[in-house]
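1. 3D model of this:
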Amino acid sequence: IACLLVFTFVFTVGLGPVPWVFLGELFPADVRSYAAGCATCCCFAFIFLANFSYPYLILEIQNYGVFWLYSAISALGLLFCIFLVPETKNRTLEEIENHFTQSDGLMSLFTTIPPSLPPRDETEFDK
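-> Numbers count the residues shown, from 1 in each chain. Just a heads-up that it's a prediction; the model follows:
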């Protein structure tokens, strides 16, 4: 029971919210609602597969093997987030959208999103 509680806590503050945070940032405004629905459907399909496969995996690789397998998959997800998901902090939705539309496909994951220049104070030029 303690391991289940620890997993739930770590997942909730770790990889759990990542897909839901990026739903509003990664997709262009004109397809955001449709794409968010598809992404949500995929997310719940993978949750179903994990839950469905659990009893069968216990028979094949024992209880500890299943948790090591799930831990390895979670570690791969963490590495994906660290190395491939671009930082969107202090970026507007327009900057993020421009980054993904102007980049070459998967190369957009390997580049940073440049911040826009701060607006200049017009009174600075009157001096």
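
2. only C-alpha atoms for contact and neighbour calcs from this point on.
-> OK.

3. name the element the closest residue to L23 other than its chain neighbours belongs to?
-> Ranked by Cα to Cα, 6 or more residues apart in numbering and with sequence neighbours excluded, the top spatial neighbour of L23 is A36, at 5.7 Å. Element membership of A36 [criterion: DSSP states H and E] is helix 32-84.

4. what mean pLDDT does that helix get?
-> Taken as a whole, helix 32-84 has an average pLDDT of 84.

5. so how far is it from its chain's centroid?
-> Centroid displacement of helix 32-84 relative to its chain, using Cα atoms, centre = their mean, to the nearest Å, is 13 Å.

6. adjust the sequence numbering to begin at 476 for everything that follows.
-> Sounds good: first residue 476 from here, last item helix 507-559.

7. quick one: the residue nearest to L498 from G499, how far?
-> Using Cα to Cα, to the nearest Å, A511 is found at 8 Å from G499.

8. show me which of those two is the more surrounded one.
-> Each of A511 and G499 has its neighbours counted (other Cα atoms under 10 Å); A511 has more, 18 against 15.

9. any idea how far the more buried one lies from V496?
-> Taking Cα to Cα, one finds A511 at 11 Å from V496.

10. same deal with I522?
-> 18 Å.

11. what of V560?
-> Distance from V560 to V496, by Cα to Cα: 12 Å.

12. more neighbours, the two?
-> Remark: of V560 and V496, V560 carries more neighbours, 16 against 10, as counted by other Cα under 10 Å.

13. now that one: phi and psi?
-> With angles defined as degrees, to the nearest 10, V560 sits at phi -90, psi 120.
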